[in-house]
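# just to be clear, the model below is a prediction. Sequence and coordinates:
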Amino acid sequence: MSKSNPVRKVADAVAETVTGAKDRHRPEVPGAPGVEPPTVAEPTEPRAPLPPKPDQAGPAVVSATGRGGGGRDVRAQNGGYLTSAQGARLPDSDHSLKAGPRGPVLLQDHHLREKITHFDHERIPERVVHARGAAAHGVFRGYGTAAGVSKAAFLADGVETPVFVRFSTVLGSRGSADTVRDTRGFATKFYTTEGVFDLVGNNIPVFFIQDAIKFPDVVHAAKPHPDREIPQAQSAHDTFWDFVSLHTEATHHTLWNMSDRGIPRSYRMMEGFGVHTFRLVDADGASTLVKFHWKPRLGVHSLVWEEAQLIGGTDPDFHRRDLADAIEAGAFPQWELGIQTFPDTPEQTFEGIDLLDPTKFVPEELAPVRPIGLMTLTANPTDYFAETEQVAFHPGHLVPGIDITDDPLLSGRLFSYLDTQITRLGGPNFAQIPVNRTHAPVNDMLRDGFHQDAVHSGVAPYKPNSLDGGCPFFAGAGEHAFIEHPVPIAAAAKVREAPASFADHFSQPRMFWASLSPVEREHVIAAYTFELSKVHESAIKERTLGVLAEIDPVLCAEVATGLGLPAPDATATPAEVTPSPALSQTTGTWPAEGRLVGIVADQVSGADLVRAARDALRAAGTTALLVGPTGAPLADGLTVQRTFATTRSTEFDALLVLGSPAPAADDRGARDAKSNGSPQVDSRVALLVNEAYRHAKPIAGHPSARAVWTAAGVDPQAPGVLTGEDVDELVAGLVGLLGAHRVWDRFPADVS
């Protein structure tokens, strides 16, 4: 091509521009989230917004009809001060406007409403948070033990109430993986005779923030970076740790998230918490403050981190599959609903703990959890979109006997959830979608709007009226009306403040850390080290270490060692705390029902032996899956559910190995990268057993499986490794070990 050719000239110009651009923004290490490094201390001197990074460009600024003009950043944020959308400078964005520091929050807070309303409408139509969910239908049966504190009809003895439960992750999109490290949503819709009651909680009893006005901030920080839209469904990145290291009220929830609670084994083995303090009202009008708890019948159990990573690739639908399969198999998940009760005093504190602070919890040793009912999930949805996706929860869906408090986070949620549904579900009539419909009679005088399915009669949708005979009429307490509890409000000024008690951000994280077993502490250290290792900016790592120093010097020092940074000292001597044994997942034993056990066998294992093992495991209530060389039946027509090539240890809670399968025809590297060319035992079987062993799972084997132990690097004398001729004894041993979830004694912890 001639140099005088106009196409060549354009190509040369483009090449020169590209080369120049490379020279301008070639970093030493790519991935910096911003154009300049942050400082360890929070910046306080006002300045103009930073420019885009050198590798970034925006669309050319043209008019709607294609006319040019203006620079590429003309649409960017401008000015060094935080403002409203109308340009009014703001003095505070951490506190809602309240009637005194303890509230309640005022409806006239235009900044709160603008900020939350805009946040609610950031995604169409996917949920901004809790987008990825799994759900099930079930029934709740009241024990009657709440009668002394609540007049709610569905809590009465023997009353059965239909429920719909949605579990979810928080950060990821609908297409993200189930087993990411994240908080999980646990939302329950009770279709009571007095109207819908929604208990909308999480698997962690505390939250990142104390005031709802900060919710857009924490979610923006935790979501993928807005320029690259990565990383998906993770907190291991700069913006998240930048926020939580500066906003230390997030410390408690972050610590829970870095614990094993952040990667549950199953929704069936996950606690749920109402997070906030609610108010119950009895038949006489007396009130009691409460916190709600869901206690899983199978106990609380989590994945180990390597499992979570493997599952993210091999089965990103792991949790929703586990829930659906368990229900289909008849292993119906169950939780007891319990309450902690506290006197409804003007101070609204208990044992020095501020009950309106959503970053605090009350240890069960101080206020035991009283069971008030049992929930059983019995059916899977028929249509994911119609039910799981369209279900609409709202903390303001209350029934007589259950009321709210002035928790400033709850106050914002009462506005935000309703506002969000209007955008997501196409208008104000979302309550008419079948999964959202109340089972109580409705006469709401609400008319028209998008997707109005009801055909209203009458001509007078207003009160008072005479044209419709005065209908509908107001109800009183005798007709089960919902009447807000008359809470006295002290004289106060309008302020954007928080109570002084909200300023303690570290004592409860210290308590949580002190309550964990040594192996759980090891996992917390590993989680912080992993997450912070993914952070680009060293200043954010250093700042986070400063936060960890306020929790515990060992935690800080171990994470600092993993990061290759010095461990700072705490700014004050940590206060003594009393551990709460109820916070550890490594205590107690639980039913093995519904747990998955893999039976590894081949054509020479012996049909009678395999059948006896399968029958014994099923009799114990577990789900037994036969793992064979191929999908073909084994001897005597035994059906194979999984093959050596298609399964991993992450699918099972325990393994029973009946023989030492020789390498199958596809056990070679060109066909399966898991193959290592072992001449004695199939490589995939050795890997399966090795992973289960390293993940502290119970393993049992017939004497003929000794070659597998050797190939897998399993110490036959290690805790939780069983060998024997008698299949019934092996199964009984496995089931007993499953009651403790894992065999942590196999790998003693170094941190005490």
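It's in.

# could I get the full set of helices for the stretch 201-350 of the chain?
Using DSSP state H, counting those that start in this stretch, the helices of the stretch 201-350 of the chain run over residues 215-222, 238-246, 251-258, 305-314, 318-328.

# report the mean confidence score over the third one.
To tie it back to what came earlier, the one meant is helix 251-258. For helix 251-258, mean pLDDT rounds to 98.

# that one versus helix 215-222: what angle between them?
Interaxial angle of helix 251-258 relative to helix 215-222 (axes from the mean of the first three to the mean of the last three CA atoms, to 10 degrees): 40 degrees.

# tell me the buried residues in helix 251-258?
Under the neighbour-count criterion of 16 or more other CB atoms under 10 Å, helix 251-258 has Thr251, His252, His253, Thr254, Leu255, Trp256, Asn257, Met258 buried. (C-beta placed from N, C-alpha, C; glycine too.)

# ok, now which ones touch the fifth one?
Just to be clear, that refers to Leu255. The neighbours of Leu255, taking CB atoms under 8 Å, 6 or more residues apart in numbering as the test, are Pro509, Phe512, Trp513, Val524, Ile551.

# can you tell me which of the residues you listed lies closest to Thr650?
Using CB to CB, Val524 comes nearest to Thr650 of these, at 21.4 Å.

# next, the closest one: secondary structure please.
helix (DSSP: H, G, I helix; E, B strand; the rest coil).

# so how many other residues sit close to it?
Using other CB atoms under 10 Å, Val524 has 26 other residues around it.

# please tell me the pLDDT value assigned to it.
Val524 carries a pLDDT score of 98 in this model.

# and it, how far is that from Arg543?
As judged by CB to CB, to the nearest Å, Val524 and Arg543 stand 18 Å apart.

# wait, Ser266 touches Asp322, no?
Yes. Look at Ser266 against Asp322 with CB atoms under 8 Å: they come within range, at 4.9 Å.

# just give the nearest non-adjacent residue to Lys477, would you?
Careful, residue 477 is Ala and not Lys. Ile483 (6.0 Å; CB to CB, 6 or more residues apart in numbering).

# state the three-state secondary structure for that neighbour.
At Ile483 the chain is in coil, as set by three-state DSSP.

# picking up where we left off before, from the contacts of Leu255, which is closest to Gly469?
Of all the contacts of Leu255, Gly469 sits closest to Phe512, with 59.2 Å by CB to CB.

# surely that closest one is in a helix?
Yes. According to three-state DSSP, the state of Phe512 is that of a helix.

# quick check: it vs Thr578, distance?
Per CB to CB, Phe512 is found 12 Å from Thr578.

# next: Trp305.
Where Thr578 is concerned, Trp305 sits at a distance of 29 Å (CB to CB).

# between those two, who's got more neighbours?
Neighbours were counted for Trp305 and for Thr578 using other CB under 10 Å; Trp305 has more, 18 against 10.

# am I right that that one is in contact with Ala527?
Yes. Between Trp305 and Ala527 a contact is recorded at 7.0 Å, counting by CB under 8 Å.

# in contact with Ala431, which residues?
Ala392, Arg437, Thr438.

# for Glu725, that is, sorry about that
If you count contacts by CB under 8 Å, 6+ apart, then Glu725 has His702, Pro703 around it.

# Ala707: neighbour count?
For Ala707, the number of neighbouring residues by other CB under 10 Å comes to 17.

# excluding its backbone neighbours, what's nearest it?
Among residues not flanking Ala707 along the chain, Ser660 sits closest, at 3.7 Å (CB to CB, 6+ apart).

# now do the SS call for that neighbour.
The local conformation at Ser660, judged by three-state DSSP, is coil.

# now swap in Arg543 and tell me
Here Arg543 is recorded as helix under three-state DSSP.

# please apply the same query to Met375.
Three-state assignment for Met375 (three-state DSSP): strand.

# is it correct that it is in contact with Lys295?
No. Here Met375 does not reach Lys295: they are 10.2 Å apart, not a contact under CB under 8 Å.

# what sits in contact with each of those two?
Residues touching both Met375 and Lys295 (CB under 8 Å, 6+ apart): Trp335, Glu336.

# and the two? Which one has more around it.
Using other CB under 10 Å as the criterion, Met375 and Lys295 rank with Met375 on top: 22 against 16.

# for Tyr225, report the pLDDT, please.
No Tyr there; residue 225 is His. Looking at His225, its pLDDT reads 94.

# wait, it sits on Pro33?
Yes. In this structure, His225 is within contact of Pro33 by CB under 8 Å, at 5.8 Å.

# show me whatever sits in contact with both of these two.
By CB under 8 Å, 6+ apart, the residues touching both His225 and Pro33 are His237, Asp238, Thr239.

# distance-wise, check the residue lying closest to the last one once chain neighbours are set aside relative to Pro33.
Spelled out, that is Thr239. Distance criterion CB to CB, 6+ apart; nearest residue to Thr239, sequence neighbours excluded, is Ala221 at 4.8 Å. Using CB to CB, one gets 11 Å for the distance from Ala221 to Pro33.

# how about Val604?
For Val604 relative to Pro33 (CB to CB), the value is 57 Å.

# these two: which is more packed in?
Per other CB under 10 Å, whichever of Val604 and Pro33 has more neighbours is Pro33, with 18 against 13.

# in contact with the more buried one, which residues?
Contact partners of Pro33, counting by CB under 8 Å, 6+ apart, are His225, His237, Asp238, Thr239, His536, Glu537.

# out of those residues, who's the most crowded?
Per-residue neighbour counts (other CB under 10 Å) across these peak at His237, which has 23 neighbours.

# tally of neighbours for Leu106?
Neighbours of Leu106 (other CB under 10 Å): 13.
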